[in-house]
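next one to model:
(chains A and B)
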Amino acid sequence: EADIYQTPRYLVIGTGKKITLECSQTMGHDKMYWYQQDPGMELHLIHYSYGVNSTEKGDLSSESTVSRIRTEHFPLTLESARPSHTSQYLCASSAGQGATPLHFGNGTRLTVT
Amino acid sequence: KNQVEQSPQSLIILEGKNCTLQCNYTVSPFSNLRWYKQDTGRGPVSLTIMTFSENTKSNGRYTATLDADTKQSSLHITASQLSDSASYICVVSRSGGSYIPTFGRGTSLIVHP
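Sure thing, here's the model as predicted:
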């Protein structure tokens, strides 16, 4: 089992609230990723990082931001939550080159009312 | 556009039976293909990786095949168990440059007793 942790596990919040989803890994991986997953759909990349102080936007980066101040920590922030943000958010990390696997956390299930 | 298509979308089988899941991709240039297993409420976990030179690879009751010429892969599950009930996701990575893989939508497998 990979050592990557996401909190909270579940979150129900009202429209317009600012929220931060936490992700931490203890494997020393340089690369970290945030994905959004809806039922029956492929994972969509929101943001990714290749190391400290490195962040890049993915396909669904609008309305959210990330930071990578420490290797082990990669939080995702939604400045103003909307019902369309209701989804499963998965954090992942990987080491080395492209052949290394992604290690996923167990996700945060976000519901915006 | 680089794409990964999986079939069937869902599959129901009886415990003890075999099944085969399909993955077709257009990702180019090809680096590797991974099959992930995602249990309900958990993050995906890597089952096996296939590189360009590999045709078949087994991991217990899971056997993956790759035909790089036709850009097709399959995941065969032998003697299915109830614990095999999960979503199986095909993920293809490109060679060179970005380490961002392309995800399929997954096949949802349900094993009934």
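
strands of chain A, start to end?
Using DSSP state E, the strands found in chain A span residues A:4-7, A:10-13, A:19-25, A:31-37, A:44-51, A:54-57, A:64-66, A:76-78, A:87-94, A:103-104, A:108-112.

how about chain B?
In chain B, the strands defined using DSSP E lie at B:4-7, B:10-14, B:19-25, B:30-38, B:45-51, B:56-59, B:62-67, B:72-77, B:86-94, B:102-103, B:107-112.

quick one: list the elements packing against the fifth one.
In this case it means strand B:45-51. strand B:30-38, strand B:56-59, strand B:62-67, strand B:72-77 (3 or more C-beta pairs under 8 Å, 6 or more residues apart in numbering or on different chains; DSSP states H and E). Backbone N, C-alpha and C define where each C-beta goes, glycine included.

and of the strands of chain A, who's closest to residue B:51?
strand A:87-94 (16.2 Å; C-beta to C-beta).

which parts of chain B sit against chain A?
Within reach of chain A by C-beta under 8 Å from any C-beta of the partner chain, chain B has these residues: B:4, B:9, B:31-32, B:34, B:36, B:41-46, B:49, B:51, B:89, B:91, B:93-95, B:99-101, B:103-106, B:108.

now the buried members of those residues.
Buried subset of these (neighbour count, 16 or more other C-beta atoms under 10 Å in any protein chain shown): B:4, B:31-32, B:34, B:36, B:42-46, B:49, B:89, B:91, B:93-94, B:99-101, B:103-106, B:108.

ok, back up a step: got a markdown table for the strands of chain B, with mean pLDDT too?
Putting the strands of chain B into a markdown table (pLDDT from 0 to 100) gives the following:
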| stretch | mean pLDDT |
| --- | --- |
| strand B:4-7 | 96 |
| strand B:10-14 | 97 |
| strand B:19-25 | 98 |
| strand B:30-38 | 94 |
| strand B:45-51 | 93 |
| strand B:56-59 | 94 |
| strand B:62-67 | 97 |
| strand B:72-77 | 98 |
| strand B:86-94 | 95 |
| strand B:102-103 | 93 |
| strand B:107-112 | 97 |
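
Throw those into TSV and include distance to residue A:53, thanks.
As requested, those are arranged in TSV below (distance: least, C-beta to C-beta, whole Å):
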stretch	distance to residue A:53
strand B:4-7	32
strand B:10-14	43
strand B:19-25	34
strand B:30-38	27
strand B:45-51	28
strand B:56-59	37
strand B:62-67	37
strand B:72-77	37
strand B:86-94	25
strand B:102-103	27
strand B:107-112	39
